[in-house]
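Q: coordinates only, no sequence provided:
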């Protein structure tokens, strides 16, 4: 066995789950699962950004183009809540496969409807399939981050969530920008060619999810499926060359108290109310502000960059080329955020990146030349990636497993609402003055930056799995590895106390 393995502390023949995951490290199975989640996140980028290129080719009025851009966000809003909730109840893996299947099918139908739909019904069908595609990919986003966070040990979670999941948004954006440049800018193909290409990442993610992605062992334990969870951990350990860490008779300690109700409507209501009560309320409300403002400011500008470039008299082929450069600016942003996430902390990275992006959006007002417009847009996109990556990681870490995907779904839905509203607001403001959309985005992102400063720091903190029994009783975070209260005196018989749940000593 290579390297030093953390000591697994056994209490009454039981072992704390996080100690086992920490001892195993990151196996090839976990890595492939995280990368599959990354491809799902790339599908989000291709689905959203493709319409920004496609609407430049459509013979629709401004209102219809705005509706097409907004329909995907409306679908994402609904999908994030519905599939986020379902993944907390029936499983991450099956809901991810379902989400990607819906996105892929609707993406293909969106492209194909131009063939069979009557001209007077084409817009309705296109908006419908855009909504369906948004429902699928919007539901996948909270799942990919929740699943990846639950598969990786706390001490390495920031790096893998940024580099393995969040950074793939860049992959998707560069992929679809390059495809638009080649298909629409150089070869002048019909827009449907780009629409078909945009469905590729979701199809690939669907295949990989069914073939290699395991269910989250945290989810399995939380729902009483102990033997299945041990089996998944055994696969991880065997793949990492540490099979002895998960013997056949291993019994894992895991507090499986969660929100359980016979009515799914009541269950969802209880989960939402839980997020609006202490100790989660403050975090949840601040996250809502950050999600709305970042989505409004970023999507409000990014999807309209091709149009803004055209307004500056830039030729159509150069518009697609410049859009590719803007997407490629994600690369340095992703590299820096991956390196800084566990060093400066998620909170500082989020707040500073949002403020920097706000300044860059305002600078676009004074960028009249082609080179200055391209440079400013690249800086805006690259710097904002630090905020996106930090927010994605923090949102996966701040909520207990029992409500993690639901919280993520509600936050994501709020963000999609911000992006949806932005499409109409930016379109309206652009008709009045080219500077108004930029100033508006700058102001909102500055507000989000301020809210981000008040979020707690979650770097290297162990994930919490269940809800606190008593909001007034809490343990020292340094003892539990969590910022959430854990009941000390009212625990059920046989469950470990705060002291027993403290991180195991390392050799």
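A: Perfect, I can see it now. Everything quoted here is computed from the prediction, not taken from an experiment.

Q: count of neighbours near residue 230?
A: For residue 230, the neighbour count with other Cβ atoms under 10 Å is 21. C-beta here means a position set from N, CA and C on the backbone, and glycine is covered the same way.

Q: please report phi then psi for residue 189.
A: Phi and psi for residue 189, reported as degrees, to the nearest 10, are phi -70, psi 160.

Q: how about it, nearest residue that isn't a chain neighbour?
A: Once flanking residues are discounted, residue 189 sits nearest to residue 183: 4.5 Å by Cβ to Cβ, 6 or more residues apart in numbering.

Q: what's the model's confidence in the stretch of helix or strand residue 288 belongs to, averaged?
A: Taking DSSP states H and E as the definition, residue 288 sits inside helix 281-302. On average, the pLDDT along helix 281-302 is 91.

Q: which strands or helices does it pack on?
A: The contact analysis (3 or more Cβ pairs under 8 Å, 6 or more residues apart in numbering; DSSP states H and E) places helix 281-302 against helix 28-54, helix 346-363, helix 370-397, helix 404-432, helix 435-452.

Q: could you dump those helices into a markdown table and include distance to residue 198?
A: A markdown table is the format used below for the helices and strands packed on helix 281-302 (distance: least, Cβ to Cβ, whole Å):
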| stretch | distance to residue 198 |
| --- | --- |
| helix 28-54 | 4 |
| helix 346-363 | 25 |
| helix 370-397 | 19 |
| helix 404-432 | 17 |
| helix 435-452 | 25 |
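
Q: lowest average pLDDT across the ones you listed?
A: helix 404-432 (a mean of 83).

Q: now the angle between helix 28-54 and it, please.
A: Angle, helix 404-432 to helix 28-54, by axes from the mean of the first three to the mean of the last three Cα atoms, to 10 degrees: 20 degrees.

Q: mind giving me the packing neighbours of helix 404-432?
A: helix 62-89, helix 122-151, helix 264-275, helix 281-302, helix 305-311, helix 370-397, helix 435-452.

Q: and the ones you listed, which is most packed in?
A: Across the helices and strands packed on helix 404-432, the average number of neighbours (mean count of other Cβ atoms under 10 Å) peaks for helix 122-151, which reaches a mean of 26.

Q: what mean pLDDT does that one get?
A: 94.

Q: can you give me the angle it makes with helix 62-89?
A: 30 degrees.

Q: ok, now which ones touch residue 79?
A: 99, 102, 134, 135, 136, 137, 138, 139, 140 (Cβ atoms under 8 Å, 6 or more residues apart in numbering).

Q: same question but for residue 339, I mixed them up
A: Contacts of residue 339 (Cβ under 8 Å, 6+ apart): none.

Q: ditto for residue 112
A: Counting by Cβ under 8 Å, 6+ apart, residue 112 has contacts residue 192.

Q: again with residue 291
A: 391, 395, 411, 412, 414, 415, 418.

Q: against residue 387, how distant is the residue nearest to it when sequence neighbours are not counted?
A: In space, and not counting its chain neighbours, residue 291 is closest to residue 415: 3.9 Å by Cβ to Cβ, 6+ apart. The gap separating residue 415 from residue 387 is 12 Å, by Cβ to Cβ, to the nearest Å.

Q: repeat that for residue 194.
A: 28 Å.

Q: tell me the centre residue of the chain?
A: residue 141 (4.5 Å; Cα atoms, centre = their mean).

Q: what about the spatially closest residue to residue 114 that is not a sequence neighbour, neighbour count?
A: Leaving aside its sequence neighbours, residue 114 sits nearest to residue 192 (Cβ to Cβ, 6+ apart; 5.6 Å). Residues near residue 192, counting by other Cβ under 10 Å, number 17.

Q: give me the common contacts of residue 415 and residue 387.
A: residue 294.
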